[in-house]
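A.B. asks: no sequence on this one, just coordinates:
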């Protein structure tokens, strides 16, 4: 496209991303290409770190942090003693690494990243995303144009992308409370998968390649050592990751819930010689409050601790801003927005999160449940499909309708495979319930199958000898962690100009844990025993022995009380009920069943509908088929 037009589009897109980078912005253009960036200054706060950053041949825009950039810079200097680095930023190191090693540079990067580099000589764009998908990248391509951005809203702001709802993505959202990558809710807009790179040449041809995979790249090292040496090596990797994630030119805080994962990070950071700055959200309501466990950790490791009191009124007042901050609609993001807002308001630009501990240290109930049921599932798979379908219908017919019985019935109807069992456990609405709610036209248009099923099945077929717990880790990480937790963490923290880092997702640490035998990961009476035993300093017993307690908001009573009118309006015939997506009568029956306290309709099943309508309305999305 002509340079002036490209600059105009790039500026429109960058304006939409100002919240992600409130410290600086820039646009660069050449024949046929325009790059824009908004900057949250974390490393090298001077103008030397501005983006887009260019040399004589290459130009880069980049989102994220590469924690080992100083080591890479030293390696570059060893290969080229005449190398000159004009900044102290990781951005410049990535640019020089690409100039030296080309596409293979991604294998040297340790961190979270999404970046694009334009090669003037080859007239080629190189785009890469980090291994676990911590940082997002969305794109749109047609025969004459390739657009990419950190948020879908930026693509819509371009004026090029039509805001049209994808029926298949809607069905997938209703099933998993978030749209599985690579789809998004906008037709034609795709999410770049984790661990991939892409090239776009001067003719617009797009080539995509996977450069890393959780199972393909699991470490072989653990199989060659004894259990004691394995534990020592894991401890070293934990320490190393914690130290790397403290690299910053601004203060680094830590979300402290009082659970094992965030408490483990406090232990590791303190062991590395840093004084942790910890933040805990506390509530008046005792059932949601975690202050006592967080105080145990703060006292034990002498952290600089702050408690942030959120009252019901505060939470309700912030709800409109939280919903407005959703780039991709989600049923599970408001809590992240609230703590990010509170920590940013206290002057922090960077915070650490314990995300990833449940997925790789067997913290979810799915690990124990599927380990116990593995043999029965294999035996059930041999039963004829007609019999399985009959038993599933019988369970629905003779038992009280609850979320639990619906999942049991779905499991009995399934093929008994590990992918099926994993995915049924993560479903918010079953396919049958989704079909009942959607209008006939939308149900027919949306019926394209479950994208996760093929992803998991292919991975497990490639690695038949992988341990069961490693396979469950893959399933949890590639589905719920990637498409809900990481997506929500990024969009809701960056909405407040806060960068959240996840030390338990360092790829070298994850590779090693994925290669450990199942026997090392079994809880043995205490959840996440492997992580606990690998820490340099033990955690207090009250924290270790507490029941698992996520940061959850009291949305069920609010939706029947303070938020009742808000929800009813968005589900009613003037809003979601009148768009043609859902059968209006069934939608209202669903809402009434929730208000009546019927056990098969949880608050989360209604909340995903409320947030969907709010997102459609705010973004002016077309819903006509």
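C.D. replies: Looks like it came in fine. Just so it is clear, the structure is predicted and the values come from calculations on it, not from any experiment. Residues are numbered from 1 along each chain as shown.
A.B. asks: Check which residues of stretch 183-196 are buried.
C.D. replies: By neighbour count with 16 or more other Cβ atoms under 10 Å, stretch 183-196 contains the buried residues 183-187, 189-196. Yep, even glycine has a C-beta here, placed from its N, CA and C like the rest.
A.B. asks: Need the per-residue pLDDT for the spatially closest residue to residue 147 that is not a sequence neighbour.
C.D. replies: Leaving out its chain neighbours, the residue that sits closest to residue 147 by Cβ to Cβ, 6 or more residues apart in numbering is residue 140, at 4.7 Å. On the pLDDT scale, residue 140 is placed at 97.
A.B. asks: Could you count how many residues lie near residue 140?
C.D. replies: 22 (other Cβ atoms under 10 Å).
A.B. asks: With residue 98 instead?
C.D. replies: 21.
A.B. asks: Pretty sure it sits against residue 117.
C.D. replies: Yes - in this structure, residue 98 is within contact of residue 117 by Cβ atoms under 8 Å, at 5.3 Å.
A.B. asks: So for these two, which residues contact both of them?
C.D. replies: 58, 60, 126 (Cβ atoms under 8 Å, 6 or more residues apart in numbering).
A.B. asks: Nearest to residue 301 among these?
C.D. replies: Using Cβ to Cβ, residue 60 comes nearest to residue 301 of the shared contacts of residue 98 and residue 117, at 38.4 Å.
A.B. asks: which stretches of the protein have low pLDDT?
C.D. replies: For the chain, the stretches flagged by pLDDT under 70 are 1-3, 285-289, 399-401, 548-552.
A.B. asks: Let's check: the centremost residue of it is which one?
C.D. replies: residue 486 (1.6 Å; Cα atoms, centre = their mean).
A.B. asks: who touches that residue in this structure?
C.D. replies: Per Cβ under 8 Å, 6+ apart, neighbours of residue 486: 132-134, 355, 502.
A.B. asks: Tell me how far it lies from residue 135.
C.D. replies: Distance, residue 486 to residue 135, by Cβ to Cβ, to the nearest Å: 9 Å.
A.B. asks: how about the strands in the stretch 101-250 of the chain?
C.D. replies: 111-119, 124-129, 138-141, 146-149, 189-191, 196-200, 206-210 (DSSP state E, counting those that start in this stretch).
A.B. asks: Compile the ones you listed into a markdown table and extend it with columns for distance to residue 4.
C.D. replies: Output for these, formatted as a markdown table (distance: least, Cβ to Cβ, whole Å):
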| stretch | distance to residue 4 |
| --- | --- |
| strand 111-119 | 18 |
| strand 124-129 | 20 |
| strand 138-141 | 21 |
| strand 146-149 | 17 |
| strand 189-191 | 25 |
| strand 196-200 | 21 |
| strand 206-210 | 25 |
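A.B. asks: Please identify the most buried of those.
C.D. replies: Compared across the strands of the stretch 101-250 of the chain, strand 111-119 shows the largest average neighbour count, a mean of 23 (mean count of other Cβ atoms under 10 Å).
A.B. asks: Which strands and helices lie in contact with that strand?
C.D. replies: Contacts defined by 3 or more Cβ pairs under 8 Å, 6 or more residues apart in numbering; DSSP states H and E place strand 111-119 against strand 33-39, strand 58-66, helix 90-101, strand 124-129.
A.B. asks: Can you tell me which of those is nearest to residue 419?
C.D. replies: strand 124-129 (23.8 Å).
A.B. asks: who does that closest one touch, helix- and strand-wise?
C.D. replies: Partner elements for strand 124-129 (3+ Cβ pairs under 8 Å, 6+ apart): strand 111-119, strand 196-200.
A.B. asks: which ones are touching residue 377?
C.D. replies: Residue 377 neighbours (Cβ under 8 Å, 6+ apart): 370, 416-418, 421.
A.B. asks: Out of those, flag the one nearest to residue 525.
C.D. replies: Taking the contacts of residue 377 together and measuring to residue 525 by Cβ to Cβ, the closest member is residue 370, at 18.5 Å.
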